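**Student:** Here's a sequence, model it:
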Amino acid sequence: MSYSSMDTEFASEFLDGDFVHRKATKIARSSETDAAIERQANRMASRILMPKCTFRPAYYNIRNTASNGANVSVTLAALYGVSRQAAEIRLKELGLAY
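**Tutor:** Numbers count the residues shown, from 1 in each chain. Alright, predicted model coming up:
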């Protein structure tokens, strides 16, 4: 299995500025900062648990065999060990309809 797609996705996340932190003597955190950190953590977790290089092919395979759209997200959630909501969010991130 090639990890180049997954490596590229992780690298782009780290290099796009979201995870680059500059030295500061004192950082005051606000609720907006906490919310931004939480969103970053959620995005990173979804990319680790449901990498694009395996998630997309699994989606097409399940979609072609499922009888309705609701089964796709439930089946993906079970396959990847995540919640149905997490699978649906990842589907939206990748531009896949469910």
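
**Student:** from here on, contacts and neighbour counts on C-alpha atoms
**Tutor:** OK.

**Student:** what about V74, how many neighbours?
**Tutor:** Other residues near V74 come to 16 when the count uses other Cα atoms under 10 Å.

**Student:** Only the C-alpha atoms, please, for the helix or strand encompassing Y59, written as CSV.
**Tutor:** Under the assignment given by DSSP states H and E, the secondary-structure element containing Y59 is helix 52-65. Backbone C-alpha positions of helix 52-65 (Å, rounded to 0.1, in the frame of the first residue of the first chain) are rendered in CSV as follows:
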residue,chain,number,x,y,z
LYS,A,52,-8.6,9.6,1.8
CYS,A,53,-6.6,6.9,0.0
THR,A,54,-8.8,4.2,1.6
PHE,A,55,-12.0,6.0,2.4
ARG,A,56,-12.8,7.1,-1.1
PRO,A,57,-12.5,3.6,-2.6
ALA,A,58,-14.5,2.1,0.3
TYR,A,59,-17.2,4.7,-0.3
TYR,A,60,-17.6,3.8,-4.0
ASN,A,61,-17.5,0.1,-3.2
ILE,A,62,-20.2,0.4,-0.5
ARG,A,63,-22.3,2.8,-2.6
ASN,A,64,-22.4,0.4,-5.5
THR,A,65,-23.7,-2.4,-3.3
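
**Student:** quick one, longest helix in the chain?
**Tutor:** Of all the segments assigned as helix in the chain under DSSP state H, the longest by residue count is helix 31-49.

**Student:** Report the buried residues of that helix.
**Tutor:** Applying a neighbour-count criterion of 16 or more other Cα atoms under 10 Å, the buried positions in helix 31-49 are M44, S46, R47.

**Student:** can you redo those as CSV with pLDDT and distance to E93?
**Tutor:** Shown next, in CSV, are the buried residues of helix 31-49 (pLDDT from 0 to 100; distance: Cα to Cα, whole Å):
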residue, pLDDT, distance to E93
M44, 93, 12
S46, 93, 10
R47, 94, 10
